[in-house]
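**Student:** Attaching a predicted model along with its sequence, questions to come.
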Amino acid sequence: MKDEMSRRIEIRQVTTAKELKEFIAFPWRIYREDRNWVPPLISDIEARLDIKRNPFWRTAERELWLAWQGNQPVGASPPLLTGRATRLLTKRSVFLLF
């Protein structure tokens, strides 16, 4: 039973500063062995996700999610967009975080 619990994946919304740091650091966990990966600047990601500094978030809502297996993050979702920003995006628009 304990082994079954350790394989279970739980999806949780990022709500604390600590979880936000985990969310931002997650790509380093996935790509750490990929010698071709060029990591983005952490300060750039922080600025993009900051709802007070980034004017994009004035017309959109940010929802970040992490998938956890035990006490380790095993997946991350990009920001979910709602509101006016979603309506302004067209099929030719792309919003990339990582």
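**Tutor:** Yep, that arrived.
**Student:** Need the pLDDT of Glu63.
**Tutor:** Per-residue pLDDT puts Glu63 at 86.
**Student:** That one in helix, strand or coil?
**Tutor:** Assigned with DSSP: H, G, I helix; E, B strand; the rest coil, Glu63 falls in the coil class.
**Student:** please begin residue numbering at 26 from this point
**Tutor:** Sure thing, new numbering starts at 26, so read that last one as Glu88.
**Student:** Around it, count how many other residues there are.
**Tutor:** 14 (other Cβ atoms under 10 Å). For glycine as for every other residue, the C-beta is placed from the backbone atoms N, C-alpha and C.
**Student:** ok, now Leu91?
**Tutor:** For Leu91, using other Cβ under 10 Å, the count is 19.
**Student:** Kindly export the helix ranked longest in the chain (C-alpha atoms) in CSV.
**Tutor:** Looking across the chain with DSSP state H, the single longest helix is helix 42-56. These are the backbone C-alpha positions of helix 42-56, laid out as CSV (Å, rounded to 0.1, in the frame of the first residue of the first chain):
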residue,chain,number,x,y,z
ALA,A,42,6.2,31.7,-2.8
LYS,A,43,7.9,28.4,-2.0
GLU,A,44,5.7,26.6,-4.6
LEU,A,45,6.4,29.3,-7.1
LYS,A,46,10.1,28.8,-6.7
GLU,A,47,9.5,25.0,-7.3
PHE,A,48,7.5,25.8,-10.4
ILE,A,49,10.2,28.1,-11.8
ALA,A,50,13.0,25.5,-11.0
PHE,A,51,11.1,22.6,-12.4
PRO,A,52,12.6,22.7,-16.0
TRP,A,53,16.1,22.3,-14.4
ARG,A,54,15.0,19.0,-13.0
ILE,A,55,13.8,17.7,-16.3
TYR,A,56,16.6,19.0,-18.5
